[in-house]
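Q: The sequence and its predicted three-dimensional model are supplied below.
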Amino acid sequence: MASRLRLRVGPLRSATATTPWLCRAQSRVAAPKPEEPQLPPHSLLPNAMLWRSLLVATISSHPWLLTPALRLLSLIVHPRGSLFDVNQNPVLRRFLKTTFYNHFCAGENAVEVTNTIGRIKTMGFKGVILTYAREIVVDASSQPASDPATTPLESATRETVQAKSPEIEAWREGVLETAEMVGTGDFLALKLTGAGPLVMQALSSGQPLPRQMILAINDICARAVQRGARIFVDAEQQSIQSGIDRVALDLMRQYNRNGTTGVYNTYQAYLKSTPQTLLSHMDLSEREGFTVGVKLVRGAYINSEPRHLINDTKSATDDSYNAIAAGILRRQYGPFGTQRRFPPADLFLATHNRQSALAANRLYQERMAAAQPTTKVQYGQLLGMADEVSCRLLQLRENNSIESRTTSPEVYKCLSWGTLGDCLSYLLRRAVENRDAVGRTRQEYIALRAEAGRRIRNLFKV
């Protein structure tokens, strides 16, 4: 088993400023002007989900409500007495479980998770992205960055003398349990630092991963593939991202062969280095003959990353995101597709940005209609967030004819599962990371309020 994770790496090029090919790609991404459906996107939400969404959006879109709510959530995650301890206060536990937990999380056990997945797919979603909520947060300022070109990870056959880590074993068991809940076409998301400090230290310092961790990754990936699921390797802070990239590349070498894409690496568009990093990974893909799986996000660690690593403005991040997506969809990214053969690739756009999602979908449809080369693309949003984006994509799929359904948007929801305590920690981190997005949640709040009003008025129509 251990010999399957062969750890090799090629050189990564250094980050550069925005290049001409990126600027050209940016200029080709036009804002979409799709025809609006008769009903608003939120009309697809079941009543319970709509009212929970309205509650959450009301809090998140009003800073005077969000700030005390985050403080209260922090008290619950780190309780100093029984009053705020969800394991000792049954009233608090029930309230949180039936509101915020059920809105954002899939369940605490296999039965609850399976039922949630069933409801998601009944709504029309193609599948789910399931992740185990247990995690630790890395302090980027205290960890040195490493160079993946000079610090290869340990081969799975290399013997090390190490005591077994209970954190790694607990992570392995939890993620294997997660793998049993996904099915054909779903995704299993791997957050490597959830395995504890030994793994975090190895990733940040360029040292070999513990052999126990390599065996755990092999077992998890093998089981997910057996169940017909695919794998996302989540991005994390830049202090450990080079190590994560090495793991993801090795898994792609193993599982992304012969036209199959079993593993996707995550690329954060808010980093100045991401366009060049992706180019280097495509170079490896072309030379070594594997498919590069690209999960594109804007980025989630802006509050903890060194500021000079991140694009100077939000619009620069938007331009980078749209340009990368357009380049892959046109199969013309940097020198690939022009001076060099474009390597096999699959694209997953994880975005809460309506314009980015609709622009990518329109470009994909245009190229399919014109019989031009393009790349398969799928879309995903977090459960309980950006339902306007998710439901709009679902409506585009439903509006298409049966004959064109094969090229219609395939939309996924990202779900976390775990104990109430573990998931509340996850939700606190997500809330802190996204607290600056008040403008976006304000728009969601207005749309949800309008949909709630529409349903109430319908109750009184004769």
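A: Cool, got the structure. Because the structure is predicted, anything quoted here is derived from the model rather than measured. Residues are numbered from 1 along each chain as shown.

Q: in this structure, what secondary structure element scores lowest on mean pLDDT?
A: Least confident helix or strand of the chain, by mean pLDDT, DSSP states H and E, is helix 20-27 with a mean of 44.

Q: Give the rounded mean pLDDT of the strand or helix carrying residue 412.
A: Element membership for residue 412, per DSSP states H and E: strand 411-417. Strand 411-417 shows an average pLDDT of 95 in the prediction.

Q: After it, which helix or strand is next?
A: Downstream of strand 411-417 (by DSSP H and E), the next one is helix 420-433.

Q: Just the residues contacting whichever helix or strand comes after that following helix, thanks.
A: Next along the chain after helix 420-433, taking DSSP H and E as the criterion, comes helix 438-459. For helix 438-459, contacts defined as CB atoms under 8 Å, 6 or more residues apart in numbering pick out 40-43, 45, 47, 50-51, 53-54, 57-58, 60-61, 63, 66, 352, 386-388, 434. C-beta here means a position set from N, CA and C on the backbone, and glycine is covered the same way.

Q: Just the buried positions in helix 438-459, please.
A: Within helix 438-459, the residues scored as buried using 16 or more other CB atoms under 10 Å are 440-441, 444-445, 447-448, 451-452.

Q: and that helix, how far out from the chain's middle?
A: 26 Å (CA atoms, centre = their mean, to the nearest Å).

Q: so where's the protein shaky on pLDDT?
A: Within the chain, the stretches with pLDDT under 70 are 1-38, 134-162, 399-407, 433-440, 462.

Q: Taking the centroid of it, which residue is nearest it?
A: Residue closest to the average C-alpha location in the chain (CA atoms, centre = their mean): residue 350, at 5.5 Å.

Q: can you pull up the bridge partners for that one?
A: In this entry, residue 350 is beta-bridged to residue 380, by DSSP bridges.

Q: from memory it sits against residue 411, does it?
A: No: using CB atoms under 8 Å as the test, residue 350 is too far from residue 411 to be in contact (11.2 Å).

Q: Now do the shared contacts for the two.
A: 379-381.

Q: Just the closest of those residues to residue 249, please.
A: If you rank those by distance to residue 249 using CB to CB, residue 380 comes first, at 21.8 Å.

Q: State the number of residues packed around the closest one.
A: 28 (other CB atoms under 10 Å).

Q: again, but for residue 410
A: Neighbour count for residue 410, taken as other CB under 10 Å: 19.

Q: Can you tell me the closest non-neighbouring residue to it?
A: The spatial neighbour of residue 410 that comes closest, neighbours along the chain excluded (CB to CB, 6 or more residues apart in numbering), is residue 126 at 4.1 Å.

Q: Ok, residue 262 next?
A: Counting by CB to CB, 6+ apart, the residue nearest residue 262 is residue 255, at 3.4 Å.

Q: Kindly report the same for residue 190.
A: Closest to residue 190 by CB to CB, 6+ apart is residue 233, at 5.3 Å.

Q: Next up, the contacts around the one you found.
A: 190, 192, 244, 247-248, 251, 263-266.

Q: go on, residue 184?
A: By CB under 8 Å, 6+ apart, the neighbours of residue 184 are 227-229.

Q: Write a PyMOL command that selects only the buried members of those.
A: To isolate the buried ones among those in PyMOL, judged by 16+ other CB under 10 Å, type:
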select buried, resi 229
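
Q: Now, the contacts of residue 184 that are in strands?
A: Among the contacts of residue 184, none falls in strands (DSSP state E).

Q: Nearest to residue 176 among the contacts of residue 184?
A: Of all the contacts of residue 184, residue 227 has the smallest distance to residue 176: 11.0 Å, by CB to CB.

Q: any idea how far residue 250 is from that closest one?
A: 21 Å (CB to CB, to the nearest Å).

Q: just to revisit the earlier point, now the contacts of residue 233 as TSV including neighbour count?
A: Shown next, in TSV, are those (neighbours: other CB atoms under 10 Å):
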residue	neighbour count
190	26
192	23
244	23
247	24
248	27
251	24
263	28
264	28
265	23
266	24
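
Q: from these, which two are the most distant?
A: Going by CB to CB, the pair spanning these furthest: 192 and 264, at 14.2 Å.

Q: I figured residue 171 hits residue 197, correct?
A: No: counting by CB under 8 Å, residue 171 stays clear of residue 197, with 11.7 Å between them.

Q: what about these two, which has more around it?
A: Of the pair residue 171 and residue 197, residue 171 is the one with more neighbours under other CB under 10 Å, namely 25 against 12.

Q: Check what contacts the helix or strand hosting the more buried one and list those residues.
A: Element membership for residue 171 (DSSP H and E) is helix 166-179. Residues outside helix 166-179 that contact it (CB under 8 Å, 6+ apart): 110, 130-132, 134, 188, 190, 194-199, 210, 212-213, 216, 219-220, 223-224, 227, 229, 417-418.

Q: buried stuff in that helix?
A: Per 16+ other CB under 10 Å, helix 166-179 contains these buried residues: 167-168, 171-172, 174-176, 178-179.

Q: Show me the helices in the stretch 101-250 of the chain, by range?
A: 102-104, 110-122, 166-179, 197-205, 211-226, 238-255 (DSSP state H, counting those that start in this stretch).

Q: residues in contact with the closest residue to residue 79 other than its chain neighbours?
A: Leaving aside its chain neighbours, residue 79 sits nearest to residue 85 (4.1 Å; criterion: CB to CB, 6+ apart). Applying CB under 8 Å, 6+ apart, we find residue 85 in contact with 76, 79, 92.

Q: Most neighbours of all those, which one?
A: residue 76 (22 neighbours).

Q: Same question for it, what's its three-state structure.
A: helix (DSSP: H, G, I helix; E, B strand; the rest coil).

Q: thinking again about what came up before, got the contacts of residue 184 as CSV, with distance to residue 237 columns?
A: Putting the contacts of residue 184 into CSV (distance: CB to CB, whole Å) gives the following:
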residue, distance to residue 237
227, 30
228, 32
229, 26
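
Q: List the contacts of the closest residue to residue 448 other than its chain neighbours.
A: Closest residue to residue 448 apart from its sequence neighbours, by CB to CB, 6+ apart: residue 54 at 4.6 Å. Residues near residue 54 by CB under 8 Å, 6+ apart: 445, 448-449, 452.

Q: got CSV for those, with distance to residue 105 too?
A: CSV is the format used below for those (distance: CB to CB, whole Å):
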residue, distance to residue 105
445, 21
448, 20
449, 24
452, 23
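
Q: Out of these, the closest to residue 299 would be?
A: Sorting the contacts of residue 54 by how near they are to residue 299, with CB to CB, puts residue 445 at the top with 23.6 Å.

Q: What distance do you get for the nearest residue to residue 385 once chain neighbours are set aside to residue 198?
A: In this structure, residue 385 finds its nearest non-sequential neighbour in residue 352, 6.2 Å apart by CB to CB, 6+ apart. Distance, residue 352 to residue 198, by CB to CB: 34 Å.

Q: How about residue 66?
A: Taking CB to CB, one finds residue 66 at 36 Å from residue 198.

Q: Only the buried residues of stretch 200-215, if you could.
A: 200, 202-206, 208-215.

Q: whoops, stretch 62-73 was the one
A: Across stretch 62-73, burial judged by 16+ other CB under 10 Å covers 66, 69-70, 73.
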